[in-house]
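Visitor: the following comprises the amino acid sequence and a computationally predicted model.
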Amino acid sequence: MSHAINLPEVVAEVTEVFNRYEQAIVTNDIPTLNELFWDSPHTIRYGLGEQAYGHAAIAGVRAARDPRDLMRKLTRIVIATYGRDFATASCEYRRVSSGKFGRQMQTWLRTADGWRVVAAHVTLFDADLPSTG
């Protein structure tokens with residue numbers, strides 16, 4: 001079976017929700033961050049200092065996180081869609097205050113409630129990594 005990769009209208013949808021999520025990150029908009037994660041025990045988020053399994057655990061991490069140094073500048077974004085209901089969003093960023101370099105990957109799924117993150121991984125480094133490709 002063949003799946004359409006990067007259908008323009010689906011890329012536009014995922015880009016829009018990704019940008020909404022990014023705005024919520026830098027403004028510490030916890031209700032929106034929680035809304036955009038799939039409300040399921042199957043949702044996973046590997047963060048900077050935690051491994052959260054399930055929506056409830058992820059929401060708990062959000063409620064307890066330090067709101068300092070959240071502003072960041074995205075330096076590279078790669079969004080790929082696979083069919084109409086599945087996508088990945090990857091980005092590199094630099095935190096404005098500390099200058100630290102980070103990466104973030106999200107797996108998005110179209111649900112009855114709209115696009116939701118079903119898995120995410122965030123990494124933060126003290127130094128830059130070499131880029132390839």
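Guide: Thanks, I have it. Since the model is a prediction, treat every value here as computed from it, not as a measurement. Residues are numbered from 1 along each chain as shown.
Visitor: which helix or which strand is home to the residue nearest to the spatial centre of the chain?
Guide: When the chain is reduced to its mean C-alpha position, the closest residue under Cα atoms, centre = their mean turns out to be residue 106, at 4.3 Å. Element membership for residue 106 (DSSP states H and E) is strand 101-111.
Visitor: tell me which residues in that strand are buried?
Guide: Buried positions in strand 101-111, judged by neighbour count with 16 or more other Cβ atoms under 10 Å: 101, 102, 103, 104, 106, 107, 108, 110. Using the backbone N, CA and C atoms, a C-beta is placed for each residue, glycine as well.
Visitor: okay, those in a markdown table with distance to residue 70 and pLDDT next?
Guide: Shown next, in a markdown table, are the buried residues of strand 101-111 (distance: Cβ to Cβ, whole Å; pLDDT from 0 to 100):
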| residue | distance to residue 70 | pLDDT |
| --- | --- | --- |
| 101 | 15 | 93 |
| 102 | 11 | 94 |
| 103 | 16 | 95 |
| 104 | 13 | 97 |
| 106 | 17 | 98 |
| 107 | 22 | 98 |
| 108 | 21 | 98 |
| 110 | 28 | 98 |
